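[1] Just need the structure, nothing else, for what follows:
(one chain, ligands or ions: 1)
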Amino acid sequence: MTTEPASAAPPPARRVDPLRERFDGRTAIVTGGGSGIGRALGAELAARGATVVLADVDLAAAAAAAAEIGPRSPGSVTAAELDVRDADAVADLVERVASDHVRLDYLFNNAGVAVGGDTAQLSVAHWDRVIDVNLRGVVHGVAAAYPRMVRQGSGHIVNTASLAGLFPSPTLVPYAATKHAVVGLSISLRAEAACNGVRVTALCPGFVDTPLLDHVNEGLPGPRPGRELLRRVPGGLYTPDALARDALDGVARNRALVVAPSVARNAWRGYRLAPTVVLAAATRTARRLLGDLHAG
Ligand SMILES: NC(=O)c1ccc[n+]([C@@H]2O[C@H](COP(=O)([O-])OP(=O)(O)OC[C@H]3O[C@@H](n4cnc5c(N)ncnc54)[C@H](O)[C@@H]3O)[C@@H](O)[C@H]2O)c1
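    Purely as a prediction, here's the structure:
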């Protein structure tokens, strides 16, 4: 009697998670990648298999992040020095990364600074600082990466805006102005970019526990408000890691806006449903925050 050789059992089907798969083997640049949300985005991208360049004006911070994240991730992580206020430097980095890796799949325009306080005490220098980094920095990223992505016929630009780009934000007026501009840039470019196979998303976090909250008006003359600028946040501050997971899930789903956490989504929804009520509440918040600022 002959026996059939036992056929090898088929390997277990690999479970494909589309929210992770979208980043596997892809190339991404994250500006402001040395700290906070950018660092967490870099770690989550690398955990999902991407090749990541953490670009930051603080090269030591970006290098330390890359050294920590890289060895524990399937993707690779490197650091680059970049000041997003320098359009030529942004263009050079995009060109170098895209040539080294044949293509650039993701650009996260995330670098940002916080400028705020009592607007009556702020000078043009305050406005210039936040416009240069938060708005021009994003513009430089788009100007560098979008034409290349159009030529590729693919790519995804993710701009970190803020809930302050969707919602009245007294005592963060210059910051909110730049973030509203980033939302406007993103949703407008998104419609145009779709014609070219390119995606655009604006990330709109509520308050996230990062060093940004302790560096308001850093390097500028006048008052340096601290965390007294924060509204009372039900449920406390969100973590950068949780935000990065929400962000990449939203990017994988090609959302126009990723608003997180849920408390931020609820605030945004409330403003769209009842703007007059929310604006009146914002005035009460402003009175309290200005009182705290002048008391402190
Ligand atoms: N933390 C929050 O509550 C919060 C909420 C909403 C949106 N955001 C936005 O998230 C983004 C990241 O902020 P974060 O909270 O992680 O702050 P963070 O201070 O922890 O990190 C910002 C990083 O950007 C870098 N950076 C600053 N200026 C730069 C420049 N000119 N060129 C290149 N890099 C520069 C800094 O060195 C730092 O590493 C910002 O755009 C911020 O406005 C933050």
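
[2] For the rest of this, base every contact and every neighbour count on C-alpha atoms.
    OK.

[3] Show me what from the stretch 151-296 of the chain comes close to the ligand.
    Counting by C-alpha under 6 Å from any ligand atom, the positions of the stretch 151-296 of the chain adjacent to the ligand are 160-162, 205-212.

[4] rerun at 8 Å
    Neighbours of the ligand within the stretch 151-296 of the chain, by C-alpha under 8 Å from any ligand atom: 160-164, 175, 179, 203-213, 215, 237, 240.

[5] Restricted to buried residues, select those residues in ChimeraX.
    To isolate the buried subset of those in ChimeraX, counting by 16 or more other C-alpha atoms under 10 Å, use the following:
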select :160,161,162,163,164,175,179,203,204,205,206,207,208,212,213,215,240
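
[6] Narrow the residues of the stretch 151-296 of the chain next to the ligand to those in helices?
    The members of these that map onto helices under DSSP state H are 175, 179, 240.

[7] The last one - nearest residue in space that isn't next to it in sequence?
    Leaving aside its chain neighbours, P240 sits nearest to I37 (5.0 Å; criterion: C-alpha to C-alpha, 6 or more residues apart in numbering).

[8] Run through the neighbouring helices and strands of the host helix or strand of T201.
    When secondary structure is defined using DSSP states H and E, the element that contains T201 is strand 199-205. Contacting strand 199-205 under the criterion 3 or more C-alpha pairs under 8 Å, 6 or more residues apart in numbering; DSSP states H and E are the following elements: strand 156-160, helix 173-194, helix 240-252, strand 257-260.

[9] contact partners of it?
    When contacts are taken as C-alpha atoms under 8 Å, 6 or more residues apart in numbering, the neighbours of strand 199-205 outside the stretch itself are 154-166, 182-183, 186-187, 189-190, 193, 243, 247, 251, 254-261, 264.

[10] Sheet-wise, list the partners of it with their directions.
    For strand 199-205, sheet partners with direction are given as strand 156-160 (parallel), strand 257-260 (parallel), following DSSP bridges.

[11] Mean pLDDT added to these, as JSON lines?
    Written out in JSON lines, the entries for these read as follows (pLDDT from 0 to 100):
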{"stretch": "strand 156-160", "mean pLDDT": "98"}
{"stretch": "strand 257-260", "mean pLDDT": "98"}
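
[12] okay, those, which one's buried deepest?
    Per residue and on average, the most neighbours among the strands paired with strand 199-205 fall to strand 156-160, with a mean of 27 (mean count of other C-alpha atoms under 10 Å).

[13] Direction-wise, compare that strand with helix 240-252 and give the angle.
    140 degrees (axes from the mean of the first three to the mean of the last three C-alpha atoms, to 10 degrees).

[14] any idea how far strand 156-160 is from the chain center?
    Here the centre of strand 156-160 is set off from its chain's centre by 7 Å, with C-alpha atoms, centre = their mean, to the nearest Å.

[15] before we move on, what about stretch 159-171?
    The gap between where stretch 159-171 is centred and where its chain is centred comes out at 13 Å by C-alpha atoms, centre = their mean.

[16] Over to stretch 20-33?
    Its chain's average C-alpha position is 12 Å from that of stretch 20-33, according to C-alpha atoms, centre = their mean.

[17] Can you dump the C-alpha atoms of it in CSV for me?
    What follows is stretch 20-33, C-alpha atoms only, in CSV (Å, rounded to 0.1, in the frame of the first residue of the first chain):
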residue,chain,number,x,y,z
ARG,A,20,-0.8,49.4,9.0
GLU,A,21,-0.2,48.1,5.5
ARG,A,22,-0.6,51.6,4.0
PHE,A,23,2.8,52.6,5.6
ASP,A,24,4.8,49.4,5.2
GLY,A,25,7.9,50.0,3.0
ARG,A,26,6.9,53.6,2.4
THR,A,27,9.1,56.6,2.8
ALA,A,28,8.1,59.5,5.1
ILE,A,29,9.6,62.8,6.3
VAL,A,30,8.3,64.2,9.6
THR,A,31,9.3,67.8,10.4
GLY,A,32,9.5,68.7,14.1
GLY,A,33,10.3,65.0,14.5
